[in-house]
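Colleague: Provide a 3D model corresponding to the input given below.
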Amino acid sequence: MNCLYLLYFYVIYLFGNIHSKNTGIEMEEKKELIRNLDRLHTTPLGMERMKRNLNVDTEDMVEWCRSQIKGGNVMVVHKGKNLYVSAEDCQITVNAQSYTIITAHIIPELGSRCGGFF
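Modeller: Okay, here's the model as predicted:
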């Protein structure tokens with residue numbers, strides 16, 4: 001399962017025009033995101049979109065995303081204006097400037113720990 005997880009982000013890294021080839025920069029992005037967890041927020045439409053995409057039944061999706069990001073195995077990729085956070089089997093998209101959670105999706109190849117259908 002971990003091989004697919006790494007392969008998924010390697011493909012994003014290779015084909016997503018990510019400007020950094022230094023994994024130290026990704027680590028800095030992760031540290032910066034964790035330092036700013038209290039700034040995470042979303043819109044009501046974003047809240048509904050995440051609930052639908054992840055098939056998660058919780059009232060506070062922002063807190064749910066925070067707990068996923070605080071979890072152990074998290075990878076953060078900065079591409080353009082967004083941070084793509086892989087937490088558990090989910091990818092959470094966050095605006096890098098405002099820390100607005102835009103959306104979240106299940107990573108299909110990896111399963112259903114987020115409550116999805118796979």
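Colleague: for stretch 43-51, buried residues please.
Modeller: Taking 16 or more other C-beta atoms under 10 Å as the neighbour-count basis, stretch 43-51 is seen to contain the buried residues 46-47, 49-51. All C-beta spots, glycine's among them, are computed from the backbone N, C-alpha and C.
Colleague: and what of stretch 31-41?
Modeller: In stretch 31-41, the ones that count as buried by 16+ other C-beta under 10 Å are 33, 40.
Colleague: which parts of this protein are helices?
Modeller: In order along the chain, the chain carries the following helices (DSSP state H): 2-15, 23-35, 44-54, 61-70.
Colleague: give me the average confidence score over stretch 91-103.
Modeller: Per-residue pLDDT values over stretch 91-103 give a mean of 95.
Colleague: using PDB, write out every CA atom in that stretch.
Modeller: Output for stretch 91-103, consisting of C-alpha atoms alone and laid out as PDB, is shown next (Å, rounded to 0.1, in the frame of the first residue of the first chain):
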ATOM      1  CA  GLN A  91      -5.800  14.300  -0.800                       C
ATOM      2  CA  ILE A  92      -6.700  17.700   0.700                       C
ATOM      3  CA  THR A  93      -6.200  20.800  -1.500                       C
ATOM      4  CA  VAL A  94      -5.400  24.000   0.500                       C
ATOM      5  CA  ASN A  95      -4.700  27.500  -0.900                       C
ATOM      6  CA  ALA A  96      -1.100  28.200   0.200                       C
ATOM      7  CA  GLN A  97      -1.700  31.900   0.900                       C
ATOM      8  CA  SER A  98      -5.000  32.000   2.700                       C
ATOM      9  CA  TYR A  99      -5.100  28.400   4.100                       C
ATOM     10  CA  THR A 100      -8.600  27.900   2.600                       C
ATOM     11  CA  ILE A 101      -9.400  24.200   2.200                       C
ATOM     12  CA  ILE A 102     -10.700  24.000  -1.300                       C
ATOM     13  CA  THR A 103     -11.600  20.400  -1.600                       C
END
